[in-house]
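> sequence first, predicted coordinates after that:
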Amino acid sequence: MYIFWRGVAKINALLYFSKVEINGEENVPADDAPFIYAVNHQAAFLDAVLVGTLSPFPVYYLTRSDVFKPATRWILDSFNMIPIYRIRDGFSALSKNEAIFETIKDLLLEDKRILIFPEGNHHHTHFLRPVSKGVSRIAFNSQLVHDKDIMVVPVGLNYFSHTRSARKLILNYGKPIRVRDYMPEGEKPGPRDLNKFRVAVSDAIKENLVIPEDDGNYENTKLVFNRKNEKLNFQEIRKLAGSGQQFDEQAPNAFANILSKILLIPSLPAFLLFYWVQNNKISQIAFISSIKLAFGMFIFPLWLLLSFLIVGLIWGWSIGGIVVAIQLFSFLLRRYVARYR
């Protein structure tokens, strides 16, 4: 199931973005090395899907426990997702994390790869927010029982848009951090060691972000993520973001607004369902791209199948095929038209 869904997610992710720039693949440890991806968290479960599908190796994810509902648990399990409990889940639930940490240690002992979001939660800001001590605790506790060196690979996700499709994504793998280098010889790591490692992980992730931190001018700096700058590579756009230059907001294109509405028509029922979910079930911007990806993976293929069967049974299978082709073409074209809205 994991291999199947990983393939489906990768195809949809590559279709969702206009371009995916990946840097630092040489920093990912060899295929027999246990390591932890430490990733900034901007776009809900889309972040996990992207790193997991674009990674050279299968990945296990730590995921907020409240999304493990009866209706969704099967797909989350098939994605190798593991629930992690937070204070908002109740203090009694936090005790369950001890078993989770043991699971992670066992996976690393089997030379698996773990994905962690050190910020602890998501937010649609381009800069890194404070890193929690959880990544230090997991890394140190696992290294204490492992003969091999455990590495932490910092990962930076840089979205040109948190809500629009057909925009660019930059994914950076930073230089791996050797956990053992931060552990004292012959004694158990203390709070100071944990904090030193936490800061090292935080600094390493920042090195892989276009906007490392809030410089007090963030509302202007984030406008560097515009369409005309998508031709720039990571180092070029990072330098531009740090230049202090004033950036202008891009005006919407009226023609693109009209055309995008016209292109809704062939698959209108499916889009109406998406907009209902977006307007009634999504309370945070960080979820929008994730829901769009899920729509492309699950809802839209079902809609195409249903359309084909209904039209095929009534007017013939060749007509059904033509209708589905029109729906698919309009869907893919609309993704790029929406880029200019």
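That came through fine.
> once you drop chain neighbours, what's closest to residue 295?
In this structure, residue 295 finds its nearest non-sequential neighbour in residue 274, 5.2 Å apart by C-beta to C-beta, 6 or more residues apart in numbering. C-beta: built from backbone N, CA, C; applies to glycine.
> can you map out the strands along the stretch 101-250 of the chain?
With strands called from DSSP state E, counting those that start in this stretch, the stretch 101-250 of the chain shows them at 113-116, 151-159, 168-173, 177-178.
> can you tell which of those strands is closest to residue 124?
Closest approach to residue 124 among the strands of the stretch 101-250 of the chain (C-beta to C-beta): strand 151-159, 8.5 Å.
> residue 51: neighbour count?
Neighbour count of residue 51, defined by other C-beta atoms under 10 Å: 20.
> from what I see, it and residue 171 are in contact.
Yes: applying C-beta atoms under 8 Å, one finds residue 51 in contact with residue 171, separated by 7.3 Å.
> so what's in contact with those two at the same time?
Common contact partners of residue 51 and residue 171 (C-beta atoms under 8 Å, 6 or more residues apart in numbering): 155, 157.
> now the spatially most central residue of the chain: phi and psi?
A centroid search over the chain (C-alpha atoms, centre = their mean) returns residue 47, at 0.9 Å, as the residue closest to the centre. Main-chain dihedrals, residue 47, degrees, to the nearest 10: phi -60, psi -50.
> number the residues from 111 up from this point.
Will do, 111 is the new start, and the previous item becomes residue 157.
> which residues are in contact with it?
Each residue near residue 157 by C-beta under 8 Å, 6+ apart is listed here: 149, 150, 151, 227, 232, 267.
> same thing but at 10 Å, please
By C-beta atoms under 10 Å, 6 or more residues apart in numbering, the residues touching residue 157 are 149-151, 171, 225, 227, 232, 265, 267, 269, 396, 399-400.
> could you do residue 124 as well?
Applying C-beta under 10 Å, 6+ apart, the residues near residue 124 are 130, 160, 163, 164, 279.
> one step back: state the distance from the residue nearest to residue 405 to residue 398.
Distance of residue 384 to residue 398, computed by C-beta to C-beta, to the nearest Å: 10 Å.
> for stretch 397-406, buried residues please.
397, 398, 399, 400, 401, 402, 403, 404, 405, 406 (16 or more other C-beta atoms under 10 Å).
> quick one: the contacts of residue 157 as a markdown table, columns for pLDDT and distance to residue 344 too.
Shown next, in a markdown table, are the contacts of residue 157 (pLDDT from 0 to 100; distance: C-beta to C-beta, whole Å):
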| residue | pLDDT | distance to residue 344 |
| --- | --- | --- |
| 149 | 97 | 16 |
| 150 | 97 | 14 |
| 151 | 95 | 19 |
| 171 | 88 | 24 |
| 225 | 94 | 21 |
| 227 | 93 | 21 |
| 232 | 88 | 22 |
| 265 | 98 | 13 |
| 267 | 98 | 12 |
| 269 | 97 | 13 |
| 396 | 88 | 22 |
| 399 | 93 | 20 |
| 400 | 91 | 23 |
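> what domains does the record give for this protein?
Listed domain ranges for the chain are 112-351, 364-448 (source: automatic domain parsing).
> what about those, which gets the closest to residue 357?
domain 112-351 (3.6 Å).
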